[in-house]
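Undergrad: I would like to see how this sequence folds:
(one chain, ligands or ions: 2)
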Amino acid sequence: MASTTSGKIAEFRRLLANARSVLVLTGAGVSAESGVPTFRGSGGLWRQYRATDLATLTAFNRSPSLVWEFYHYRREVVRTKQPNKAHIALAEAEKRFEKEGKRFNVITQNVDGLHRKAGSKNLIEMHGNLFVVRCTSCNFIEENTSSPICESLRNRGLPDENGPEIDEKDLPHCRKCRSLLRPHIVWFGEQIWNDVLEKIEKEIQLCDLFLVVGTSSVVYPAAGYASLLSERSILVAEINIETTPSTSIANYHFHGPAAQILPQLLSTNVN
Ligand code: OAD
Ligand code: ZN
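TA: Ligands and ions are numbered 1, 2, ... in the order given. Below is the predicted model of the structure:
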């Protein structure tokens, strides 16, 4: 049964101090206080589209121009955002755990790169990253932080302005084989990459405390990790501003914004 009382924070901190391998799963809620809109909350629309309409291979094949405009816009928005106290608390906890010879890993569903920016190193970006591109032909993958990513996207992608289609030859291209690039992101209907799944599986095997932060727990496979671990009697704690399918599974539910709660749970100096 989940508990919400503030006295539980001290209890949780004692359990955390004894954990040998902490695994944290984060979702869009962890970046909410950095000003990055969540998927299912308000502000989820771009032009008349939901993210789920554009983040698909079908949409990209139909109009690479439209989908690149959408991702260009998201890259430009996220570029201006900074990690918040939740990202920072996680990055600091990782350093502290490592110093003590213990494991601390973050699996994120977010593609905004804010965990990296905060300094998290033991990080699995399971849905990819807005600033990584992949060739649609030779599969070459590389980080690309250019702004704009190509000249034809300069001043495009604004949510309230439809421009003419950009010719495919003017969209981002692979520097190895000149084919069209796409964002290195797991789109709806696509499988999580095998190497990533293997890393996640390893962490799930090793973990003895699981923290689920700011995710609606409806998108699989991530949505299934809490129940999987709970069935193995691993301690599960959730931080969210709402209840989710993980709430009833969690041993602890901390109700509130991640940027407020995570530092209380993880930092050494609590006042
Ligand atoms: P959602 O938008 O579905 O859920 C965000 C969750 O964060 C909700 O449960 C909110 O209650 C919670 N939340 C909002 N603000 C918060 C705050 N300040 N502190 C704590 N919690 C807060 O986002 P995800 O669960 O991340 O997939 O969505 C999962 C995946 O679905 C995404 O990675 C994306 C999406 O479609 C792909 O792009 C493949
Ligand atoms: Zn290529």
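
Undergrad: the most centrally placed residue in the chain and ligand 2, how far apart?
TA: Among the residues of the chain, the smallest C-alpha distance to the mean C-alpha position (C-alpha atoms, centre = their mean) belongs to residue 110, namely 1.6 Å. When distances are taken as C-beta to the ion, to the nearest Å, residue 110 and ligand 2 turn out to be 26 Å apart. (C-beta placed from N, C-alpha, C; glycine too.)

Undergrad: so that residue: helix, strand or coil?
TA: Following DSSP: H, G, I helix; E, B strand; the rest coil, residue 110 is assigned to coil.

Undergrad: residue contacts, it?
TA: When contacts are counted by C-beta atoms under 8 Å, 6 or more residues apart in numbering, residue 110 is found next to 26, 27, 28, 30, 31, 36, 125, 127.

Undergrad: strands of the stretch 101-250 of the chain, start to end?
TA: In the stretch 101-250 of the chain, the strands defined using DSSP state E, counting those that start in this stretch lie at 103-108, 123-125, 128-135, 141-143, 181-185, 209-213, 235-240.

Undergrad: lowest average confidence, helix or strand, in this protein?
TA: Comparing every helix and strand of the chain by mean pLDDT, DSSP states H and E singles out strand 45-46 as the least confident one, with a mean of 86.

Undergrad: ok, then the element right after it?
TA: The helix or strand immediately downstream of strand 45-46 is strand 49-50, counting by DSSP states H and E.

Undergrad: now that next one, how far from the centre of its chain.
TA: Its chain's C-alpha centre and that of strand 49-50 lie 19 Å apart, by C-alpha atoms, centre = their mean, to the nearest Å.

Undergrad: beyond that strand, next helix or strand please.
TA: The C-terminal neighbour of strand 49-50 among helices and strands, as given by DSSP H and E, is helix 51-54.

Undergrad: what is that following helix packed up against?
TA: In this structure, helix 51-54 makes packing contacts with helix 64-79, judged by 3 or more C-beta pairs under 8 Å, 6 or more residues apart in numbering; DSSP states H and E.

Undergrad: the same query, at a cut-off of 7 Å, please.
TA: Here helix 51-54 is seen to pack against no other helix or strand when contacts are counted using 3 or more C-beta pairs under 7 Å, 6 or more residues apart in numbering; DSSP states H and E.

Undergrad: how far is it from where the chain is centred?
TA: On the basis of C-alpha atoms, centre = their mean, the separation between the geometric centre of helix 51-54 and that of its chain is 16 Å.

Undergrad: can you list the residues of the protein near ligand 1?
TA: Within reach of ligand 1 by C-beta under 6 Å from any ligand atom, the chain has these residues: 27-29, 32-33, 38-41, 52, 55, 109, 127, 186, 214-216, 219, 239-242, 244, 257-258.

Undergrad: write a ChimeraX command that selects only the buried members of those residues.
TA: Selection of buried members from the residues of the chain next to ligand 1 for ChimeraX, criterion 16 or more other C-beta atoms under 10 Å:
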select :27,28,29,32,33,38,39,55,109,127,186,214,215,216,219,239,240,244,257,258
